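> Sequence and predicted structure below; questions after.
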Amino acid sequence: MVLIIVAVTVYLFFTGLPYYQTSIEERFYHPDHKSLKPSGALGHGMGILGTSLIIIGVFGYQARKYMKSLSKIWLLKHWLEFHIFLCTLGPILVLFHTSFKFGGLVSISFWSMVAVVASGVIGRFIYLQIPRTIQGRELSLQEIQGIKSNISFKMEDEISADKIEEILALTKRADSKNSMTKQYLLDWQLKGKIKKQLINSHVSGKKLKSVMNMVSEELNMNRKIERLVIMQKLFHYWHVIHLPFAIIMLVIMIIHVGVTLAFGYKWIF
């Protein structure tokens, strides 16, 4: 999908570059003006296609997210990828539709669109940090804690209860206020310490490997809990920025389309 977006952008840019480099006053005399101007065959077509992609991307993803009847059609994470694809390609086409000339009310819609795309990139990063199931559904704090409890129960089949408490105490004590890279290093050092203690307690072979796998899972769950709490807060603040700009963009876009139709610009129809 990224390749499609890059290919379309590069093609449109270099195809229309001589026209876009021409000053606004002189564009009327350019041979590509009739085609690439906002009301031209190609320019107007890019505006219609770009707007359509944005609308499909926004409302398609929202419908899949909240309508139970669509829950079996594609995984949610795939819908998100499709939403990002359409809502990236759509604004690019709208940008070329304007022929890099925008002002007045349309400029508000354009810069709202830019803000939506930019915040969408940030939102995508936040989304990836939230622990999820294979299907793409967000894991709740209770679900992650339930997985942690299951790990503890599994350990009971391998080592004594007092040793489990000692291991869990060490994993809980791991400092979470470090950078991700440093935290992984600390976890690695902690696993080495726990492994040494287990060997000193005469735990070896398959049992040692099994317990160490569970220790890794326990530390992983701890990180997921920390990440979930932080990212849920960030995601809340992100919505405060993303949604208003998206609404402004859509409202002005609808007004723009209405005015365009009222003035008789109906593309090739």
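Yes, it's here.
> so residue 245 touches residue 118, yeah?
No - contact criterion Cβ atoms under 8 Å: residue 245 and residue 118 do not qualify, at 9.1 Å. In short, each C-beta sits where N, CA and C put it, glycine included.
> between these two, who's got more neighbours?
residue 245 (19 against 13; other Cβ atoms under 10 Å).
> Centre of the chain to the lengthiest helix in the chain, how far?
Counting by DSSP state H, the longest helix found in the chain is helix 205-262. On the basis of Cα atoms, centre = their mean, to the nearest Å, helix 205-262 sits 7 Å off its chain's mean C-alpha point.
> what about it, average pLDDT?
On average, the pLDDT along helix 205-262 is 78.
> domain ranges for the protein?
Domain assignment for the chain by automatic domain parsing gives 2-136+242-262, 141-229.
> and of those domains, who's closest to residue 235?
domain 2-136+242-262 (5.4 Å; Cβ to Cβ).
> Please report the distance of residue 80 from residue 2.
15 Å (Cβ to Cβ, to the nearest Å).
> Who has more neighbours out of these two?
When neighbours are counted by other Cβ under 10 Å, residue 80 and residue 2 differ, and residue 80 comes out ahead with 18 against 9.
> Which secondary structure state does the more buried one sit in?
Here residue 80 is recorded as helix under DSSP: H, G, I helix; E, B strand; the rest coil.
> Can you tell me the centre-most residue of the protein?
residue 124 (1.8 Å; Cα atoms, centre = their mean).
> separation between the closest residue to residue 122 other than its chain neighbours and residue 117?
Nearest residue to residue 122 in three dimensions, chain neighbours excluded: residue 238, at 6.5 Å (Cβ to Cβ, 6 or more residues apart in numbering). Here residue 238 is placed at a distance of 14 Å from residue 117 (Cβ to Cβ).
> same check, this time on residue 54
10 Å.
> joint contacts of these two?
Common neighbours of residue 54 and residue 117 (criterion: Cβ atoms under 8 Å, 6 or more residues apart in numbering): 87, 91.
> More neighbours: those two, which one.
Neighbour count, other Cβ under 10 Å: between residue 54 and residue 117, residue 54 has more, with 25 against 18.
> Report the angle between the helix or strand harbouring that one and helix 205-262.
Assigned by DSSP states H and E, residue 54 belongs to helix 41-66. Orientation of helix 41-66 against helix 205-262 (axes from the mean of the first three to the mean of the last three Cα atoms, to 10 degrees) gives an angle of 130 degrees.
> Which secondary structure elements does helix 41-66 sit against?
Judged by 3 or more Cβ pairs under 8 Å, 6 or more residues apart in numbering; DSSP states H and E, helix 41-66 is in contact with helix 33-36, helix 76-97, helix 205-262.
> quick one on the thing from earlier: confidence-wise, which of the domains of the chain is weakest overall?
Among the domains of the chain, domain 141-229 scores lowest, at a mean of 68.
> And the helix holding residue 54, how far out from the chain middle?
Offset of helix 41-66 from its chain centre (Cα atoms, centre = their mean): 18 Å.
> What angle do helix 76-97 and it make with each other?
Here helix 41-66 runs at an angle of 160 degrees relative to helix 76-97 (the same axes, to 10 degrees).
> Check which residues of helix 41-66 are buried.
By 16 or more other Cβ atoms under 10 Å, the buried positions in helix 41-66 come out as 42-44, 46-48, 50-51, 53-55, 57-58, 61, 64.
> Right, I'll leave it there.
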